[in-house]
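S.K.: here is my input, please return the structure:
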Amino acid sequence: MPDSNKEIFNIYKPLGWTPLQALRAFQQQLKKSDPGSILKPMTYAGRLDPAAEGVLLLLSGEQIKNKALILSLNKSYVAKILFGFESDTYDALGLTKTEPRPSIQAEKVQKILQSYIGDKQFTLPGYSSVPVQGKPLFKWAQENKLDQIAIPKRAFKITKAQLIKFESEDSTRVKETIFEMIEAVSGNFRQDQIKSNWSEIFTKIKQPLQIAVVEVDCGSGAYIRSIADQLGKDLDNKAILLSLVRTKIGEYSAKDSISVLPQQYADSSPNL
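M.R.: Numbering: from 1, shown residues only. A predicted model of the protein is given here:
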């Protein structure tokens, strides 16, 4: 059981959950482990999209004062990048379109990934929480007003961008993966519209789809969705983030994370 006297908790945020949902589930665990205790105020350090899973740090007590320092810790991810598609969110939880494109070569993927090491600017996703003129980008997107602003770029510090697997996946299996992710996400993320969009697309796709599994180590503030989108452009193709697992924040790794899922789900392997 979690130790309520600690002030930094390394939890594993499940696919489909917001960080706030994961925090509340963990607080319930703490209360069950010590029913007489009074829970300290708690916050999470850094966001992780509902379509992603992995390490999320929760802070309580005096550590809340150190939130800025903890936010600055380096992070590691394993990302699956799907080629041949683009979306308004830069991932599979967005309105998507595709068109015939040339096949991708693994060697070229690795070469471009290596060019990203260092400080490189990437365009931020339109559906993100970065404020522009006092309003989050996703609000501009929801109001169909992105064309009224300049979507900013951000320099991400990348120390590792490594292709660890390159594969062709049956389109039926890719569709199942996408729909499983969409079904897992709660809240208003246009799920019905997005599922309808993907259903229409997959009626036209029969061939296997190309996927790169990539490991990225980076500094604070990086959007892996932006890296996926830029990789597609640099390959004269299209690409979206299919899945994402945050494997590490600083010294805190996924293998040591506390599950906030019921036990029957907690024993399943993460979506690496």
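S.K.: rest of the way, CA atoms for contacts and neighbours
M.R.: Fine.
S.K.: how far is stretch 154-162 from where the chain is centred?
M.R.: 15 Å (Cα atoms, centre = their mean, to the nearest Å).
S.K.: look up how far Leu58 lies from the closest residue to Arg47 other than its chain neighbours.
M.R.: Sequence neighbours aside, Pro19 is the residue nearest to Arg47 in space, at 6.4 Å (criterion: Cα to Cα, 6 or more residues apart in numbering). Look at Pro19 and Leu58: by Cα to Cα, to the nearest Å, they are 9 Å apart.
S.K.: mutual contacts of these two, please.
M.R.: Residues within reach of Pro19 and of Leu58 at once, by Cα atoms under 8 Å, 6 or more residues apart in numbering, are Tyr44.
S.K.: not counting sequence-adjacent ones, nearest residue to Leu15?
M.R.: Per Cα to Cα, 6+ apart, closest to Leu15 is Glu53, 4.7 Å.
S.K.: packing partners for the helix or strand hosting that neighbour?
M.R.: Glu53 is part of strand 52-60 when elements are defined by DSSP states H and E. Applying 3 or more Cα pairs under 8 Å, 6 or more residues apart in numbering; DSSP states H and E, we find strand 52-60 packed against strand 8-13, strand 42-45, strand 239-249.
S.K.: how about the CA coordinates for the first one, as PDB?
M.R.: Think strand 8-13. Extracted in PDB, the C-alpha atoms of strand 8-13 (Å, rounded to 0.1, in the frame of the first residue of the first chain):
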ATOM      1  CA  ILE A   8       6.500  12.600  -3.800                       C
ATOM      2  CA  PHE A   9       4.500   9.700  -5.300                       C
ATOM      3  CA  ASN A  10       5.400   8.000  -8.600                       C
ATOM      4  CA  ILE A  11       2.100   6.700 -10.000                       C
ATOM      5  CA  TYR A  12       1.300   5.100 -13.400                       C
ATOM      6  CA  LYS A  13      -1.300   7.100 -15.200                       C
END
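S.K.: run me through the strand neighbours of it, direction for each.
M.R.: Applying DSSP bridges, strand 8-13 is found paired with strand 52-60 (antiparallel), strand 258-259 (parallel).
S.K.: that strand: what's the following helix or strand?
M.R.: Next element after strand 8-13 (DSSP H and E): helix 19-33.
S.K.: direction-wise, compare that following helix with strand 52-60 and give the angle.
M.R.: 60 degrees (axes from the mean of the first three to the mean of the last three Cα atoms, to 10 degrees).
S.K.: what would the helices and strands packed on strand 52-60 look like in CSV with mean pLDDT?
M.R.: Converted to CSV, these look like this (pLDDT from 0 to 100):
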stretch, mean pLDDT
strand 8-13, 96
strand 42-45, 95
strand 239-249, 98
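S.K.: those: which one's closest to Arg24?
M.R.: strand 42-45 (9.4 Å; Cα to Cα).
S.K.: adjacent strands (with direction) for that closest one?
M.R.: strand 52-60 (antiparallel).
S.K.: grab the nearest non-local neighbour of Ser168.
M.R.: Leaving aside its sequence neighbours, Ser168 sits nearest to Gln210 (Cα to Cα, 6+ apart; 4.5 Å).
S.K.: ok, the residue nearest to Arg47 touching Leu48?
M.R.: Yes: between Pro19 and Leu48 there is a contact under Cα atoms under 8 Å: 6.5 Å.
S.K.: more crowded one of those two?
M.R.: Pro19 (24 against 20; other Cα atoms under 10 Å).
S.K.: how about the more buried one, what does it touch?
M.R.: Contacts of Pro19 (Cα under 8 Å, 6+ apart): Lys13, Tyr44, Arg47, Leu48, Asp49, Pro50, Leu56.
S.K.: mutual contacts of Pro19 and Leu48, please.
M.R.: Contacts common to Pro19 and Leu48, judged by Cα under 8 Å, 6+ apart, are Leu56.
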